[in-house]
Every structure is written in C-alpha cells, then in structure tokens.
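Asker: Any chance you could fold what I've pasted below:
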Amino acid sequence: MELFRREDKMSSLITRNYNLLPVINRFGIRLGFKEKTIAEVCQEKNIDTDFFLAIVNTYTDESYFPEAEFLSFSPVLLIDYLKNTHRYYINYVLPKIEQLLNKVMESCPDNCSSLKMINTFYQKYKSELLLHLKLEDEKVFPYILNLYENKTLSPEGSFIEVIENEHTNVEVKLSDLENLIIRHLSPNYEDNAMNEFLTALLQFENDLNDHARIEDHILITKVIEFEKELKK
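Answerer: Numbering: from 1, shown residues only. Predicted structure coming up:
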C-alpha cells in the first residue's frame, strides 16, 4: 500500500482510509481541510509532521512500522498521543461497544444464555482494560516523564516490565471474546445488530494492536535503554 507523504492533501487520508478519522482526531485535527496538504495542516496545528505521518502510515499499512524513526521521537510526543488514544477508548469506543452489545441482547427473543455469557465475558474484559489504562495514565506515563525530566531513577522502581505482559493479556482476551462469538454463539439474535457489534470489536482490536505496538516496541524500548544509561 502506498504510504502518505507530507505533500499529499490532508483530505486524501480520509478518502483513502476512513478508519483514520479517529486517529487524526487524537491530534486535534477535525474535518474541513480544503486543499491543504498534510504538512500545512500539521504546521497550523503545531504538530510534528514526521510523527504524524509515522502514526497514520502505521495505522494504514500493517506491514509498515518504522521502528528506528519512532525511536527518534521524544517520549513526550509518544505519551501525549497515547494518552489521547486512551481517552478515545474510555469515552467513546468502550461505551459504543457496550451500547451495541445491549442492542444485540435486546434482540434475543427467548433463550439468551450464550449472549449472557458473552456479556459477562465482555464486562470482565472491559474492567481489566480500564484498570490497565488507569495504571498507565496515573503511574507509568508520569514515571516516564519524570524519568526524562529529572534524569534520575525512581525509588519506587520501574513499572515498565509489567506493562508488556499486561498488553499480551489484554490482546489475548479480546481475541478470545471474538472467537467465542464467531464459533460458539447460539443464533438467537438479530443479524444486523450482531454484525455491528462484532465489526466494532474487530476494529477496536486492530486499533488496540497498533497502540500496543507503539507502546511495547517504541516507548518501553526507549525507557528501558534510558534506565540502563542512568544506572551506569
């Protein structure tokens, strides 16, 4: 897939890949681009154009992941983007998925035991994910910012090694939920309602995987290397 470049029209992001709409919103960019290029919009919004392009191209092409380029960016840039992504998940994605699941539940005419099981599984997954996001927002990200600002290790120790394992758990459980729906769900539901719900889950999984790649392979890598330097 052809990658986006600085001189491309910002509007081409959406016409070529509408899934980028929530991604560009995380940078504070909204519709109404006129004929402005990506570089022009980024300059107006005081956004690092190279970082913006690295993000949107990563979300566009799953085979594209410029690790060396990502590692060159400031952790402040990375954390600001990741925190905005967390807000998107908490304030929009999870409530929307739950709304769609409730719609599926309401469409069940009689024995809804398998749907109730799906709902129980989802509620547990959501609780665990929210705890994970809270840990990152309240403990991990402040730890990293303080580490780079003061260039001293925290006496409380590092939170970094815990995060990568938690990402794996979050990804596996979401995949388990999808497989449970696709393989074992009793057909007591309205098709369109279920299709909307499952599509939202699959889209969330793709977004979450890209999010985790940036945290695990870039931010965590940067922090571990920086911690090693400080320990010398």
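Asker: When you work out contacts or count neighbours from here on, use the C-alpha atoms and nothing else.
Answerer: OK.
Asker: ok, Leu101 touching Phe197?
Answerer: Yes - Leu101 lies in contact with Phe197 (C-alpha atoms under 8 Å); the separation is 6.0 Å.
Asker: what stretches of this structure score poorly on pLDDT?
Answerer: Counting by pLDDT under 70, the chain contains low-confidence residues at 1, 155-159, 161-168, 232.
Asker: so where do the helices sit in it?
Answerer: If DSSP state H is used as the criterion, the helices of the chain fall at 10-16, 21-25, 38-44, 49-60, 67-71, 75-88, 94-106, 113-135, 141-150, 160-184, 191-213, 220-231.
Asker: Keeping just the C-alphas, turn the third one into CSV.
Answerer: Okay, so that is helix 38-44. Below are the C-alpha coordinates for helix 38-44, written out as CSV (Å, rounded to 0.1, in the frame of the first residue of the first chain):
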residue,chain,number,x,y,z
ILE,A,38,-0.6,17.2,5.4
ALA,A,39,2.4,19.4,6.1
GLU,A,40,0.3,22.6,6.0
VAL,A,41,-2.3,21.3,8.5
CYS,A,42,0.4,19.9,10.8
GLN,A,43,2.2,23.3,10.8
GLU,A,44,-1.1,25.1,11.6
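Asker: how about it: buried residues?
Answerer: Of the residues in helix 38-44, those scored as buried under the neighbour-count criterion (16 or more other C-alpha atoms under 10 Å) are 38-42.
Asker: Just send those residues back as CSV, with distance to Arg6 too.
Answerer: Formatted as CSV, the buried residues of helix 38-44 follow (distance: C-alpha to C-alpha, whole Å):
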residue, distance to Arg6
Ile38, 5
Ala39, 5
Glu40, 8
Val41, 10
Cys42, 9
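Asker: about what we covered before: quick check: which of the helices of the chain is buried the most?
Answerer: Compared across the helices of the chain, helix 49-60 shows the largest average neighbour count, a mean of 19 (mean count of other C-alpha atoms under 10 Å).
Asker: Excluding covalently adjacent residues, which one is nearest to Pro75?
Answerer: Here the nearest residue to Pro75 in space, its sequence neighbours aside, is Leu219; by C-alpha to C-alpha, 6 or more residues apart in numbering that works out to 6.7 Å.
Asker: Quick one: residues contacting that neighbour.
Answerer: Shown here is Leu219, whose contacts under the criterion C-alpha atoms under 8 Å, 6 or more residues apart in numbering are 71, 75, 78.
Asker: got the contact list for the nearest residue to Ile218 once chain neighbours are set aside?
Answerer: Distance criterion C-alpha to C-alpha, 6+ apart; nearest residue to Ile218, sequence neighbours excluded, is Leu71 at 5.7 Å. The neighbours of Leu71, taking C-alpha under 8 Å, 6+ apart as the test, are 218-219, 222.
Asker: Alright, that wraps it up for me.
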